[in-house]
Structures are given as structure tokens and as C-alpha cells.
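K.L.:
Structure, please.
(2 chains)
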Amino acid sequence: MAAKPTTVLDSRALARTLRRIADEIVELFDGVDNLIFVGIQRRGVQLSDRLADILDDREQVKVPRGSLDITLYRDDLQTVGPRPVVGPTKLPWDLNGKRVLIVDDVLHTGRTVRAALDELADFGRPSRIALAVLVDRGGRELPIHADIVGKRVDVAPTDRVDVLVSEIDGSDSVVLVRREDAA
Amino acid sequence: MTTPLGKDLLALEPLTPEQIRLILDTAEPFKEISERAIKKVPALRGSTIVNLFFEASTRTRVSFEFAEKRLSADTVNVAASGSSVSKGETLVDTARNLEAMRIDMVVIRHSASGAAQFLAERIESNVINAGDGTHEHPTQGLLDLLTLRDRFGTLEGRRICICGDVLHSRVARSNIWGLKKMGAVVGVCGPRSLLPNAIAELGVEVFDRIEAAIEWAEALNVLRLQLERMQAGYIPSLREYNRVFGVTRERLERAPRDLLILHPGPMNRGVEIDSDVADGPHSVILEQVTNGVAVRMAVLYLLAGGAPELADAAKGGSDR
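P.N.:
Down below sits the predicted model:
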């Protein structure tokens, strides 16, 4: 399996992209009042925390941040065979009437976001839910779109786009792994 | 398709430490689901589970049923009385008939040791042992492990003493196997008439006096003293038992450290455990009950599928 990773964003470009996403969040929501950040396990959580940190600093507030593990809401759970590891979900608030920003690393088929929307509905009825992703790689299988996109990349369906974050992977970057021999 | 646990959960004895750790680690995120406004996730939607209880049980049956419902499985409860079992149908016939109605899992409680395994070898569905005779009660063992691990951080090297009627207790057996596999040091304490003869061969410390056990242990798992044992001549009287082996506040106050107190229920207050201990600050008895639902959810979730992927792979590749 020949796989050669190419860097899409290095750590400085990733930091710059996050600052721009933070700007767009403030614009989209006209401030951060009544707004809750929800990162999707796993790397969406770290990205969400960093965006919230940027806004804490800039807006002099403490933006509430939660995490969501969508494993139990996957639409392929009955057929996927192996049982995926379930990560922690932390949403200790009533979401009724709140504004929620879902943060994930890569938007691809849209199935993760579909699962996240279903799961959020079990926590209440937010007045608005928006989606911010670091990378949109195309290839949607559901009618889902992101409100804020850090970087769009055009890749073949067999390619992989990996977001690496220092908290988990030791360094920050976005890499593209081409699978040349994949069908 | 085999899972990392195999088809069934029949006992803790055959499990590896990694398998036990997988169940406990999986149980952690499931705790949060029971705190939600809507206590339900769609993970087992479409699965049908039969709870086949041939013995009286409130806690275990209700706990399994909550676990099943919170995972969105469809559940049916069959009790021995009021079913065709009371007309003389055999266990296997009962299960095969249920299986012909397309079920996916059976949770079985039975008074005969080995009943769960007997069934598991004869039907396709996943079988979970909810207590078989004096053999094992694996999910109770697991919830005890989870409760102790939560409090201690790790079970490695911790000293846990199981007190009371070890001879007749499936909870004691599951605890001994599970605790030892997780690296804990296990003691047992009770009248010699209620300890198996060869108990020391399991590699446990044996205490004849509750005072010595309390001095040694960091946690006590106090077993229920079944009241029938007195008629059968195992102990002279309940009062005598309480006087010699009862876990009382006075005895605990003399201990060199605070002990965690566990009890699998239902309790005989004033016999094996005093009320002010059961309701005291070091009792984790209700935590055990809460953890029971999470552990059973984890077991159901893991048995319903194949081997777990790594967390990264779970959300990787083409599935975003």
C-alpha cells in the first residue's frame, strides 16, 4: 500500500486558520452570547477547545465547551462489525434555547454530523445549531453543509485527509495521504 | 462473528485482564447516558433481548432492563412462574422457542450452576449469565470492580476482603476471579462452615475473625447472609452471626484506615451489616447499583458486535 503524505496545513497555517475561523464565528453569531461549543470526539474536541480559548481571550468571556461522542448514533453500527470504542460525552447543560456550534476536524460524507445532530436533539432544543470544520474534503452522502470552513481540499474518494493535533498526535498539521493502489 | 468477549458472557474466570479492562473502560462513557434528560441512545435499535429469570430478582433484572432500554433494544421479560416452564418445558425448549421468534440475546438467571453455559452451547443468540446457582454472577463482579476502580484509581495491589457466606455465593466467585485478574489482593472472611474447604487454593487470604479482616483490608465486600442458612445449620443464629461477623461501626472505627463498604444487596440490616455502616460515609452500595446499569450496557454493546477498532479508526477513513 503506497501512501505518501503531503502537508496541506503546517502548524503555523493551522493556527492562522483557527484564528480566521474564530473571527467568522463571532460574525456568524454576532458575538458569543448564549453560545456553546461542542467538539466531536476525537480531534474536534481539541479544535473546539482552541477556538474557544481564542474567543475567551478576544471577547473577555468564558465560552462553555462540551464534547460529543457520536459512536452510539452511527448509522452503520449494526453492520460495521467491530465495536468502535466509545469516548466520553460531556454536555452538562440544558441546551434548550441555546446556540450551539459543532466543531469537527474533517467534513466528508456528512454522516458524523447527521449523528451529532440526532444526539444533540436528545439534550434539548437549541435555538440554532451551526457547524464549523477545519477541513472540507467534499464527498457528501447526505444534504449537510458547514457554516464555516477552514480549508477546502479536493481529493479522490480513496484519499485520506488526516488532522493531527499536538494534544493527541504530538504536533499540529493537516496531511493528505494518497492511496494510489486503492480501487 | 466473534467479539473480543466471544459470543457470550458466562463467567469472569475465563476472561483475560484485557477483556475485563475493555468492559470497564467501555462502561465509563455509558455512565453519562443515564444522566441525560433523554436517557437513551440508538446503539442496539432493532435488537431483541429476552430476560429469562428462573429465580427471583429485582435489582439485577431491573438493571438489565434499564441497560437494554437505554440502548434502544426491544426487551421481553420471562419469569419461570406464569410461563410454560411451570408446565414442565425444559430450559432448552423454552430458549429454542424464543429463538424461533428471532431474538438476538438472552439474559438468564437460574438456580442451577452451569445453566447459562448449557444454554449458550445450544442456541445461536448471545447469552449473558445473570447468576447461575453458586457458580458466577459476572456482571455483579464487573460492577464491583468498576466501583472499586473508580474509588481507588487502580485495583493493582489493593486489598479487598469478601465477608460472609462465600460457600454459597456466586458473587464471591466472580469477585475473586475478577479482582485477582486485575491485580488486587483478595481476602475472605466468614465462619469456617460458610467458607469452601479449598478456598485458599484460589490464592486468597483467609480470615477467621472479622476484626483481623478489617485491620487488613482497604475495602469490604459484605455478602448477604441468606436466612435459610440458619435452618440448614451453617450458623447457630442470626444474632450470633451479627455478634461475631457483623460489620459494625464500632469495628470499623478501630480500623487503621477508612474502608470502602460494598454490598451486592439485598441487605439484611443488623445481620451481616449494621444500618449505620450501610448508610455511612464510606458505603458505596448505591454507587454499585448505578454502576451496574453502565456495566451491563457495556456488556450488551460489546457482545452485540465484533472486535473494537482503535478509537481513531472508529471515526476515520470514509466515515466522516
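
K.L.:
Give me the contact status of stretch A:27-46 with chain B.
P.N.:
Yes: judged by CB under 8 Å from any CB of the partner chain, stretch A:27-46 comes into contact with chain B at A:Ile40, A:Gln41, A:Arg42. C-beta coordinates here come from the backbone N, C-alpha and C atoms, glycine included.

K.L.:
Just the ones of those in helices?
P.N.:
Per DSSP state H, helices hold no members of the residues of stretch A:27-46 next to chain B.

K.L.:
which of those has the most neighbours?
P.N.:
A:Ile40 (27 neighbours; other CB atoms under 10 Å in any protein chain shown).

K.L.:
In this structure that one contacts A:Val103, no?
P.N.:
Yes: with contact defined as CB atoms under 8 Å, A:Ile40 counts as touching A:Val103 (6.9 Å).

K.L.:
residues from the stretch 51-200 of chain B in reach of chain A?
P.N.:
Counting by CB under 8 Å from any CB, the stretch 51-200 of chain B sits next to chain A at B:Leu71.

K.L.:
hmm, which helix or strand of chain B has the shakiest average pLDDT?
P.N.:
helix B:311-314 (a mean of 38; mean pLDDT, DSSP states H and E).

K.L.:
do chain A as well
P.N.:
Using mean pLDDT, DSSP H and E, the lowest element in chain A is strand A:3-9, with a mean of 87.

K.L.:
buried stuff in that one?
P.N.:
A:Val8, A:Leu9 (16 or more other CB atoms under 10 Å in any protein chain shown).

K.L.:
Which strands and helices lie in contact with that strand?
P.N.:
On a contact count with 3 or more CB pairs under 8 Å, 6 or more residues apart in numbering or on different chains; DSSP states H and E, strand A:3-9 meets strand A:148-152, strand A:173-179.

K.L.:
which stretch in these is the model least sure about?
P.N.:
Mean pLDDT is lowest for strand A:173-179 among the helices and strands packed on strand A:3-9, at a mean of 92.

K.L.:
Show the average pLDDT along stretch A:85-104.
P.N.:
Mean predicted lDDT for stretch A:85-104 stands at 94.

K.L.:
now the top helix by length along chain A and strand A:148-152, what's the angle there?
P.N.:
Identified as the longest helix of chain A according to DSSP H is helix A:11-29. Helix A:11-29 runs at 150 degrees relative to strand A:148-152, counting by axes from the mean of the first three to the mean of the last three CA atoms, to 10 degrees.

K.L.:
what's in contact with helix A:11-29?
P.N.:
The contact list for helix A:11-29 (CB atoms under 8 Å, 6 or more residues apart in numbering or on different chains) reads A:9, A:32, A:35, A:47, A:50-51, A:54-55, A:58-59, A:99, A:101, A:130, A:132, A:134, A:147-148, A:150-151, A:166, A:171-174.

K.L.:
Kindly report the same for stretch B:21-37.
P.N.:
By CB under 8 Å, 6+ apart, stretch B:21-37 touches A:69, A:72, A:85-90, A:94, A:122-124, B:4-5, B:39-41, B:66, B:70, B:142, B:145-146, B:149, B:182, B:290-291, B:293-295, B:297-299, B:301-302, B:308.
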